[in-house]
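[1] What follows is a predicted structure for the sequence shown.
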Amino acid sequence: MFYSDPPYVLMAVSLVAAAICGYTFYVTLVGTLKQWSKSRSSRLLASLRGSQLLFPFTGMAIAAVGFLSAALLFFAIPDRVAYGFSAVVSLLSAVLVWNQLMTLLGRLEKGGTKALKLEEFSLGEIRILGGDSDS
């Protein structure tokens with residue numbers, strides 16, 4: 001193999017690659033959304049659906065496969081099982097997150113920020129029971 005046993009190099013390289021791709025993804029997304037909030041151009045949001053955002057997102061997904069497989073290899077799981085399981089889990093998660101992101105961008109494009117009901121994402125009212133509450 002091209003890495004040590006246990007795979008410290010694979011884990012470190014995957015972690016660094018995920019951090020770099022994640023930062024690129026963040027900068028691209030936030031920068032484009034800031035430009036969109038000023039101009040309200042649907043062309044900017046449509047550009048996020050292309051390779052500008054997909055490339056760093058794919059890099060994060062591939063790095064997640066490497067990191068998860070390295071973590072599984074630490075526990076002496078066979079190579080094929082570790083790589084297969086981590087590929088399925090990471091890529092399925094990436095597809096679901098990408099679909100959710102595209103849904104949110106579509107809502108944002110159609111109705112602006114008011115189309116995103118942020119209350120849907122909250123946990124509702126959380127009550128903290130203390131010693132002097134009247135419950």
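    That came through, no problem. Numbering: from 1, shown residues only.
[2] Count the residues that sit near residue 27.
    Residue 27 has 11 neighbours, counted by other C-beta atoms under 10 Å. (C-beta placed from N, C-alpha, C; glycine too.)
[3] Now it: which helix or strand?
    helix 8-39 (DSSP states H and E).
[4] Run the chain-centre distance for that helix.
    9 Å (C-alpha atoms, centre = their mean, to the nearest Å).
[5] helices or strands next to it in the packing?
    Using 3 or more C-beta pairs under 8 Å, 6 or more residues apart in numbering; DSSP states H and E, the elements in contact with helix 8-39 are helix 42-47, helix 51-74.
[6] what is the mean pLDDT for it?
    Averaging pLDDT along helix 8-39 gives 89.
[7] the inter-axis angle of it versus helix 51-74?
    Between the axes of helix 8-39 and helix 51-74, defined by axes from the mean of the first three to the mean of the last three C-alpha atoms, to 10 degrees, the angle is 150 degrees.
[8] buried set for helix 8-39?
    10-11, 13-14, 17-18, 21, 24-25, 28-29, 32, 36 (16 or more other C-beta atoms under 10 Å).
[9] now these as a markdown table including distance to residue 69?
    Shown next, in a markdown table, are the buried residues of helix 8-39 (distance: C-beta to C-beta, whole Å):
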| residue | distance to residue 69 |
| --- | --- |
| 10 | 7 |
| 11 | 9 |
| 13 | 12 |
| 14 | 8 |
| 17 | 13 |
| 18 | 13 |
| 21 | 17 |
| 24 | 22 |
| 25 | 21 |
| 28 | 27 |
| 29 | 27 |
| 32 | 32 |
| 36 | 37 |
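[10] Name the nearest of those relative to residue 111.
    Closest approach between those and residue 111, by C-beta to C-beta: residue 36, at 13.3 Å.
[11] Surely the closest one and residue 47 touch.
    No. Using C-beta atoms under 8 Å, residue 36 is not in contact with residue 47; the gap is 9.6 Å.
[12] Mind telling me what element the residue positioned nearest the centre of the chain is part of?
    Closest residue to the average C-alpha location of the chain: residue 97 at 6.3 Å, with C-alpha atoms, centre = their mean. According to DSSP H and E, residue 97 maps onto helix 79-111.
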